[in-house]
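> let me see the structure of the following:
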Amino acid sequence: MKKRQETIGELISRRTMLKGVAASSAFGLFGCGAMARGDAPAADGSAPLTFTELGRTNDDKAHVAPGHDVQVLIRHGDPIRRGGPQFRPGEQTAAEQEQQFGSDNDFLAFMPLPRGSASATRGLLGANHENHRAATIWPGMSGKDAAEKMTRERCEVQMAAQGFSIVEIEKNGNAWRIVDDSKYNRRIWANTPMRASGPAAGHPRLRTNDDATGTRPVGTFNNCAGGVTPWHTILTAEENIQFYFLGDPAKGPEAAARKRYGIGTTVRYPWGRHIDRFNLDREPNEPNRFGWIVEIDPYDPQSTPVKRTALGRFSHEGATTAVSHDGRVAVYSGDDARGECVYKFVTKNVLGAKGDLLDEGTLYVARFEANGRMRWMPLVHGQGPLTAANGFASQADVMIEARRASSLLGATPMDRPEDVEAHPATGRIYVVMTFNERRKPDEVNPANPRGPNPYGHIVEIVPPLVNGKPDHTATECEWGFFLLGGNPANAAHGARYPNPVTANGWLAAPDNVAFDPKGRIWITTDGQEDVAGFNDSLYAAATSGPARGATRAFFNGPAGCEICGPVFTPDGKTLFVAVQHPGDGSSYEKPSTRWPDFADGVPPRSAVVAIVRKDGGEIGG
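This is a model prediction of the structure:
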């Protein structure tokens, strides 16, 4: 007899009850994170938020809660070095873009100067550059024939616009500026030399005509979220690499793998018409050299970025590190695609050991059970179905095809898992599902209880404690919902929040999250404009206490943008936010906004903003 499919309400109610049980046992974590680091007791996220909540907006401007200032720190096209070329709307060259801040800034990292310090007034800003929107950057590029107008020069501009930027910044009084003569300022992009390390490095599937060793991949692009390591490097995540390769994806031994990754099905960037390595018929292995986590040392301008293949290959969103009870390090990441999974990598060696810590360890994928437990299943060659009989001849094959390996293990298909962040004090893991409007009602599962799910949700994983410290190496944990997005006043949304939210406080399409020094969560959105009718925003909420999960609107972006990359300075007095692709969906000739310049003839530009309180106090109160 076929088992009856649980209703959405039953799934949510069951998990809500189990979440309460988990909370009662796991809140003993509060304060332990700080003791593990040997400093003062860390904030548990219960401090009240004192800012005046912002109302909804859907105009062409950015808005912030009263009592705060928004400073535009750096924009797409701004020179990163003194004397560099200025932005020329509609006429940029690749040589100019190589010396300028990239487009579509996403993940941000604030790296204090000097290295290892807690400076809150001087540091390095690292920024991912995810995409390049031809329609708003160049005239005449919004029609169906736009791809035909992409010359080699324009393709090279797009290559230079993506990747990563590092710039030194400093605070004078309450204002931030770029240090344009800093030795640290540099761009890392699609032509930057790199090296591969870990189990897939040197494998025949990574070899090309220009690299017979399979260890020298060139460049990075479609960089979305990321993370910062305890040894003060930056991890940048290569996400939707499927949009970059032309040719016949069904030809050759990589055909099946390409299909699972969507290679060649939708091409947004016709670089393969002009550049051989992006043409599948000429370089069939080039896609296997992307979709990795790349480690960058921002403090060493001469260092070579490294693709860490032990962390698996998929549409990486985020790479957040957490030091476990025994000194080993976990790296959490989501595979940002509908029906894909949540991962963590656990190092073999402990923090401080010699060698490249991220080259040896175990990659796990998550399976969420209805009984409030979840399992981290190892993706190890030779274990279970990950054998030669199923096409995995080595650990390299498992890493290159991490998606297929995860499906064979029975991992839980999620609703576009994006950012995955560890709370610095409690050790709890927050997994953000942006949305999945394509999930059918009969395809729901315990961790994704709505089908369709246009509003997104956040799952909370509770690692066990060992001697009072979070065990990020554990293969079994508890889990529950932190929130289910949408309007709780509209029963059709199926929204749930731990505590009541105002008419301006509910959210949709959560994307990235960050924690302030008091342990409260800050949540950005990507897609509210489409499903809710108001611009994407930044919200804040307590993670414990009487106001836990009651989200409040703090910052709204201009039309067409997404808000992403939130990061605080160590003193909590500055919040950096990435405003990505303002004006998306419009054109160079008729943009829906001209933010942040609002000057005739200047298109909308992605930019990083610094938000400070006018009185110089901590953000959030």
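
> after the least confident helix or strand in the chain by mean pLDDT, which helix or strand is next?
Taking mean pLDDT, DSSP states H and E as the measure, the helix or strand of the chain with the lowest value is helix 32-37, at a mean of 28. Following helix 32-37 in sequence order, the next helix or strand is strand 63-64 (DSSP states H and E).

> name the next helix or strand downstream of that following strand, please.
On the C-terminal side of strand 63-64, the closest following helix or strand by DSSP H and E is strand 68-75.

> which elements pack onto that next one?
The elements that strand 68-75 packs onto, with contact taken as 3 or more CB pairs under 8 Å, 6 or more residues apart in numbering; DSSP states H and E, are strand 175-178, strand 607-613. C-beta coordinates here come from the backbone N, C-alpha and C atoms, glycine included.

> so it versus strand 607-613, what angle?
Between the direction of strand 68-75 and that of strand 607-613, the angle (axes from the mean of the first three to the mean of the last three CA atoms, to 10 degrees) works out to 150 degrees.

> tell me which residues are up against strand 68-75.
Strand 68-75 has contacts (CB atoms under 8 Å, 6 or more residues apart in numbering) with 51, 62, 64, 80, 87, 101, 125, 167, 169, 174-178, 555, 576, 596-597, 605-614, 619.

> again, but for stretch 46-53
When contacts are defined by CB under 8 Å, 6+ apart, stretch 46-53 is touched by residues 65-68, 502, 504-505, 518-520, 540-548, 552-554, 620-621.

> what residues sit buried inside it?
For stretch 46-53, the buried set under the neighbour-count rule, 16 or more other CB atoms under 10 Å, comprises 46-47, 49, 51, 53.

> and stretch 355-362, by the same measure?
Neighbour counts using 16+ other CB under 10 Å place 357-359, 361-362 of stretch 355-362 among the buried residues.

> if I look at the residue nearest to residue 435 when sequence neighbours are not counted, how far off is residue 521?
For residue 435, ignoring the flanking residues on the chain, the nearest one in space by CB to CB, 6 or more residues apart in numbering is residue 456 at 4.4 Å. In this structure, residue 456 and residue 521 are separated by 15 Å, where distance is defined by CB to CB, to the nearest Å.

> could you pull out the helices in the stretch 301-450 of the chain for me?
In the stretch 301-450 of the chain, helices defined by DSSP state H, counting those that start in this stretch lie at 395-400, 402-409, listed in chain order.

> what do you get for the stretch 51-200 of the chain?
In the stretch 51-200 of the chain, the segments counted as helices under DSSP H, counting those that start in this stretch are 94-97, 134-137, 152-161.

> against which helices or strands is the longest one packed?
Using 3+ CB pairs under 8 Å, 6+ apart as the contact criterion, the secondary-structure elements in contact with helix 152-161 are helix 94-97.

> counting contacts, what elements does the helix it packs on pack onto?
For helix 94-97, the elements it packs on are helix 152-161, judged by 3+ CB pairs under 8 Å, 6+ apart.

> give me the buried subset of the contacts of stretch 46-53.
Buried members of the contacts of stretch 46-53, scored by 16+ other CB under 10 Å, are 65, 68, 504-505, 518-520, 540-544, 547-548, 552-554, 620.

> show me the contacts for the closest residue to residue 58 other than its chain neighbours.
For residue 58, ignoring the flanking residues on the chain, the nearest one in space by CB to CB, 6+ apart is residue 534 at 4.9 Å. Contact criterion CB under 8 Å, 6+ apart gives 56-58, 528, 556 as the residues in contact with residue 534.

> please report the distance of residue 193 from residue 215.
Between residue 193 and residue 215 the computed distance is 11 Å (CB to CB).

> compare the two (neighbour count), which wins?
Regarding residue 193 and residue 215, a neighbour count based on other CB atoms under 10 Å identifies residue 215 as having more, with 17 against 11.

> thought residue 341 was touching residue 408?
No. Contact criterion CB atoms under 8 Å: residue 341 and residue 408 do not qualify, at 11.8 Å.

> tell me which of these two has more neighbours.
For the pair residue 341 and residue 408, the greater number of neighbours falls to residue 341 (23 against 18), based on other CB under 10 Å.

> who's in contact with the closest residue to residue 46 other than its chain neighbours?
Using CB to CB, 6+ apart and skipping residues adjacent in sequence, the residue nearest residue 46 is residue 545, 3.0 Å away. Contact analysis of residue 545 by CB under 8 Å, 6+ apart lists 44-47.

> that older thread, tabulate the helices of the stretch 51-200 of the chain (a markdown table), appending distance to residue 447.
What follows is these, written out as a markdown table (distance: least, CB to CB, whole Å):
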| stretch | distance to residue 447 |
| --- | --- |
| helix 94-97 | 41 |
| helix 134-137 | 36 |
| helix 152-161 | 36 |
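
> nearest the geometric middle of the protein, what residue?
Centroid-nearest residue in the chain, with CA atoms, centre = their mean: residue 225, separated by 2.4 Å.

> just say helix, strand or coil for it.
Counting by DSSP: H, G, I helix; E, B strand; the rest coil, the backbone at residue 225 sits in strand.

> would you put the C-alpha positions of stretch 439-447 in CSV?
Taking Å, rounded to 0.1, in the frame of the first residue of the first chain, the C-alpha atoms of stretch 439-447 are listed here in CSV:
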residue,chain,number,x,y,z
ARG,A,439,8.6,22.3,-6.9
LYS,A,440,5.4,20.4,-7.3
PRO,A,441,3.1,19.7,-4.3
ASP,A,442,3.8,16.0,-4.5
GLU,A,443,7.5,16.6,-4.4
VAL,A,444,7.8,18.1,-1.0
ASN,A,445,10.1,16.6,1.6
PRO,A,446,10.7,17.3,5.3
ALA,A,447,13.2,20.1,4.8
